[in-house]
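>>> I would like the atomic coordinates for the input below:
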Amino acid sequence: MKTLRPYLLMFTFLGTTTGLAVSLSPKLFIHFLSIGIFSLAGFHVTMSTIPNLKAKFVKAKVTGVDMCKQNAEPIPEAMGVIAGSVFLITMSLFIPIPFLQFDKTRVFDDLQFESLIAALLSICCMVLLGFVDDILDLRWLHKLTLPTIASFPLLTVYAVTYNCTWVLLPKPFSFALNLGIFYYVYMAMMAVFCTNAINILAGINGLEVGQSLIISLSVLIFNLIEITSTSWKVHLFSITFILPFICVSSALLWYNWYPAEIFVGDTYCYFAGMTFAVVGILGHFSKTMLLFFIPQIFNFLFSCPQLFHFVPCPRHRLPKYNPKTNLMNNSHFEYNPKQLGIIGYLCLKFARLFRLCHEQTISPNKVICTNFTLINLVILWFGPKREDAVVRILLFIQIACSAIAFFLRYYIVQFIY
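Next comes the predicted model:
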């Protein structure tokens, strides 16, 4: 029964989603039924492949140690490559379906065919980069430049198929501004942000996949709302990508949840980030997509003082595990107040003002401070907790922020534009 439970949940989810989508747009029955079947197949393949390949990853020494557990046994690392590979295979096999003719009509046209191929190429590049990063531990320079290069197919297809670089300014301006080449710079930066934002907010069991699942479900809901609009094709395109992603990610989460049997690695973070960039850019809702990244945006801004070395940044900023209590406590960095620059001083003062950190003075030349991450902030505000409790709080924050995003998108926006 335990083995059947994830299949029952996934079958129920896909059945409900397909039924709702078909009720909104009956003419797309074949498409939704097809993508539902392919997504379920991707879920099954991921669920069955991970247990069979765990031993091979351990044998190849592609492993990591869970620093938040007493058990120091090696755990298979970079298993996100399985989810990414199954997703790419599923989508590759699905390619002919939207372009078959039914009653002399096509669900997708030739321009969307180009978009689909470019999207898969960009995602494939990021899966490869993520796996290489897990094996070779690439420098941050590579993590910033390679996603930019991987986004070129997306930007090229966007220029050929849509090429809209106008943005509507809010009140009191209320006119459109053509950003030209700068709009493409913005979209390239979005691809870089999406692929790295999830990677920064990570490191504890189930967090990477959990937050990605909530974001993808939010995207799915948004697209189902918009499927009845005049731009239904781009939202159908987004659903076509996001449903298989939800399925392979759900299978991955089954094994990555506390206590994790596998680690997903940077491979999954880059795969998820580029998938979101793909559906946001080619689905023509990149600004709405960023609304679903509110926790990741906060975590990035909060981490900037350490990421840009305005204050010291240790190699690992994960919370510290206390084996006596089986709870997670805040991790810290040390700094010398006399050697701190003006920007670092202002960042620490701001963090103290809003209770975003906790400091302890050891000596006149030594102060310890909690690391600037959302994970540490949750422990600071809610107290030491078990690892899965911390993840649940973070995922609840993600859900709450998605609700805020919908409120902003469908209510507040009418007072701004």
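>>> roughly how far apart are Ala141 and Thr148?
No Ala there; residue 141 is Leu. The gap separating Leu141 from Thr148 is 11 Å, by C-beta to C-beta, to the nearest Å. C-beta coordinates here come from the backbone N, C-alpha and C atoms, glycine included.
>>> More neighbours: the two, which one.
More neighbours surround Thr148 than the other of Leu141 and Thr148, with 15 against 8 (other C-beta atoms under 10 Å).
>>> helices or strands up against whichever strand or helix holds the more buried one?
Element membership of Thr148 [criterion: DSSP states H and E] is helix 140-150. Secondary-structure packing of helix 140-150 (3 or more C-beta pairs under 8 Å, 6 or more residues apart in numbering; DSSP states H and E): helix 110-136, helix 181-200, helix 265-282.
>>> so can I have a markdown table of those showing distance to Arg352 and mean pLDDT?
Listed next are the helices and strands packed on helix 140-150 as a markdown table, based on distance: least, C-beta to C-beta, whole Å; pLDDT from 0 to 100:
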| stretch | distance to Arg352 | mean pLDDT |
| --- | --- | --- |
| helix 110-136 | 35 | 89 |
| helix 181-200 | 23 | 90 |
| helix 265-282 | 31 | 94 |
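>>> Minimum distance to Leu356: which of those has it?
Closest approach to Leu356 among these (C-beta to C-beta): helix 181-200, 16.1 Å.
>>> The residue lying closest to Ala272 once chain neighbours are set aside: what's it in contact with?
Excluding the flanking residues, the one nearest Ala272 by C-beta to C-beta, 6 or more residues apart in numbering is Ser212, at 4.2 Å. Listed by C-beta atoms under 8 Å, 6 or more residues apart in numbering, the contact partners of Ser212 are Ile198, Ser249, Tyr268, Ala272, Phe276.
>>> Grab the nearest non-local neighbour of the third one.
Among residues not flanking Tyr268 along the chain, Gly80 sits closest, at 2.5 Å (C-beta to C-beta, 6+ apart).
>>> How many residues are close by the one you found?
By other C-beta under 10 Å, the residues close to Gly80 number 29.
>>> Show me the strands in the protein, by range?
Along the chain, the stretches classed as strands by DSSP state E are 63-64, 75-76, 166-168, 176-178, 320-322, 327-329, 332-335, 359-363, 366-370.
>>> now for the helix ranked longest in the chain, which elements pack on it?
In the chain, ranked by residue count with DSSP state H as the criterion, the top helix is helix 29-59. Here helix 29-59 touches helix 4-24, strand 75-76, helix 80-94, helix 232-256, going by 3+ C-beta pairs under 8 Å, 6+ apart.
>>> Tell me which of these lies nearest to Pro295.
Distance to Pro295, taken as C-beta to C-beta, is lowest for helix 232-256 among these, at 17.2 Å.
>>> what's the angle between that closest one and helix 80-94?
Helix 232-256 and helix 80-94 are oriented at 140 degrees to each other (axes from the mean of the first three to the mean of the last three C-alpha atoms, to 10 degrees).
>>> model confidence over helix 232-256, on average?
Helix 232-256 shows a mean pLDDT of 95.
>>> how far does it sit from the chain's center?
Averaging C-alpha positions (C-alpha atoms, centre = their mean, to the nearest Å) puts helix 232-256 12 Å from its chain's average.
>>> counting contacts, what elements does it pack onto?
Applying 3+ C-beta pairs under 8 Å, 6+ apart, we find helix 232-256 packed against helix 4-24, helix 29-59, helix 80-94, helix 110-136, helix 207-226, helix 265-282.
>>> Point out the most buried one among the ones you listed.
helix 265-282 (a mean of 28; mean count of other C-beta atoms under 10 Å).
>>> which residue packs closest to Glu334, ignoring adjacent ones?
Once flanking residues are discounted, Glu334 sits nearest to Ile368: 5.3 Å by C-beta to C-beta, 6+ apart.
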